[in-house]
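J.: let's see this in three dimensions:
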Amino acid sequence: MLHKTLTTRNAFLFLFVLLRFNLFAQNDLTDAAQPIVKEGKLLYKSEMASWYGTDLFLENYKDRANIGGYFSYTENDTAKCIFFSKDEVPKIIGTISFDSTYKAAAANVNLVERDFTGREIDLYEIRKAALEIINSDTLFKTYDNTSLNLIPLVQGATKKVYVLTGPKNSGVVIFGNDYLLTFDAGNKLVDKKQLHQNIIPVYYGDEAKEAGRQAVGAMHSHLPQTGYFITATDICTLMLYEKFAKWETYNVVSEKYLNIWNCKSDQLTVITMDVMKKINSDQEKRNRKKQKNDQD
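T.: Numbers count the residues shown, from 1 in each chain. Sure, this is the predicted structure:
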């Protein structure tokens, strides 16, 4: 796997790709990727609730020794970060609820102790099982200045725990070193897999400027094992960090497809690499024609 930054010149090329997109009838691919986009946005909502919910909870809850852990999930349009106690049969000791702005002033902080809901029990159980597996299985890797973040998802009969690698330092976005664990109706593990085959740090801000790599976008590539489409974890990571990095586009390149993520609209466009080759060929012809005219 590799990653590259995009200069302004490169960005114009990708804008050109978008303008030509409809001519090559690629709508079916973009539509096919929408379930990935939907899941990626669910992961993003959960992580945002965890980011801001943790701060709000710790500001208001003083009995730190009673905190057993936390996880987040979405319910309708509300993102919730819940904290549970260390009891043998844990209780919910805090529920922090957010609207789509994730602003602290609009958040609801509820510190009334209560029982888990049925859905929360499932989320708790699969997260607990995933953590035990991570701590005992060599599939899962850790790196300096990073942490593994667990995101449980329960949607109907589908139960999953995504594992993302988050940076502890500013100025870097980390893709890769991510995993997916799938559970059955009884919360027993049925599958585990590594999504990307490597860790992919992409720098932005002052560190990128110092290295001469400040850009309006970036990209990384997928090996066949990862798949031809962008991953839900890629989308989650992009939505968490794209505004800090001030990216306009981010691209994921696979053997078959070019996945173009618009960082301003949070929309995905997918085209085939065959189409990309045609566009590049057309651009090269235009450049040669322009050079010839300039010389005449």
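
J.: could you list the low-confidence segments of the protein?
T.: For the chain, the stretches with pLDDT under 70 are 1-26, 206-215, 280-282, 285, 289-290, 292-296.

J.: closest to the centroid, which residue in it?
T.: With distances taken as CA atoms, centre = their mean, C236 lies nearest the centre of the chain, 2.0 Å away.

J.: for F84, which non-adjacent residue is spatially closest?
T.: P90 (4.2 Å; CB to CB, 6 or more residues apart in numbering). Quick note: C-beta positions are derived from backbone N, CA and C, even for glycine.

J.: for that neighbour, give me its contacts.
T.: G68, F84, F116, Y124 (CB atoms under 8 Å, 6 or more residues apart in numbering).

J.: of all these, which two lie farthest apart?
T.: Farthest-apart pair in the contacts of P90 is G68 and F116; separation 12.0 Å (CB to CB).

J.: what sits in contact with each of those two?
T.: F84, P90.

J.: tell me which of these two has more neighbours.
T.: Shown here are G68 and F116; by other CB atoms under 10 Å, F116 has more neighbours (17 against 13).

J.: part of a helix, is that one?
T.: No - using DSSP: H, G, I helix; E, B strand; the rest coil, the assignment for F116 is coil, not a helix.

J.: contacts only, for K86.
T.: Counting by CB under 8 Å, 6+ apart, K86 has contacts A65, N66, I67, G68.

J.: okay, and which of those residues map to strands?
T.: Judged by DSSP state E, the contacts of K86 include I67, G68 as members of strands.

J.: with distance to P224 added, can I get the contacts of K86 in a markdown table?
T.: Compiled in a markdown table, the contacts of K86 are given as follows (distance: CB to CB, whole Å):
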| residue | distance to P224 |
| --- | --- |
| A65 | 48 |
| N66 | 48 |
| I67 | 43 |
| G68 | 41 |
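
J.: out of the contacts of K86, which are buried?
T.: Buried subset of the contacts of K86 (neighbour count, 16 or more other CB atoms under 10 Å): N66, I67.

J.: from the contacts of K86, pick the one nearest K188.
T.: Each of the contacts of K86 was scored against K188 by CB to CB, and G68 proved nearest at 22.2 Å.

J.: which outside residues touch the strand or helix carrying E132?
T.: In this structure, E132 is located in helix 118-134 according to DSSP states H and E. Identification of contacts with helix 118-134 by CB under 8 Å, 6+ apart yields 71, 73, 82, 84, 90, 92, 116, 140, 148, 150, 152, 154, 159-161, 163, 181, 183, 187-189, 192.

J.: those residues in strands, which ones?
T.: Those of these lying in strands (DSSP E): 71, 73, 82, 84, 92, 148, 150, 152, 154, 159-161, 163, 181, 183, 189, 192.

J.: what's the closest non-adjacent residue to G176?
T.: Closest to G176 by CB to CB, 6+ apart is H196, at 3.6 Å.

J.: you'd agree the one you found is up against I174?
T.: No - H196 lies out of contact with I174 (CB atoms under 8 Å); the separation is 10.3 Å.

J.: for the closest residue to T95 other than its chain neighbours, what are its contacts?
T.: Counting by CB to CB, 6+ apart, the nearest residue to T95 once its immediate chain neighbours are dropped is N110, at 4.5 Å. By CB under 8 Å, 6+ apart, N110 lies in contact with G94, T95, I96, S97.

J.: helix, strand or coil for the second one?
T.: In other words, T95. Of the three states, T95 takes strand according to three-state DSSP.

J.: and the longest helix along the chain, what does it pack onto?
T.: Secondary structure of the chain read by DSSP state H shows that its longest helix is helix 34-60. Packing contacts for helix 34-60, counted by 3 or more CB pairs under 8 Å, 6 or more residues apart in numbering; DSSP states H and E, involve strand 67-75, strand 78-85, strand 92-98, strand 108-110, strand 146-155, strand 158-167, helix 232-245, strand 267-272.

J.: tell me which of the ones you listed sits nearest to N259.
T.: Proximity to N259 (CB to CB) singles out strand 267-272 among these, at 5.3 Å.
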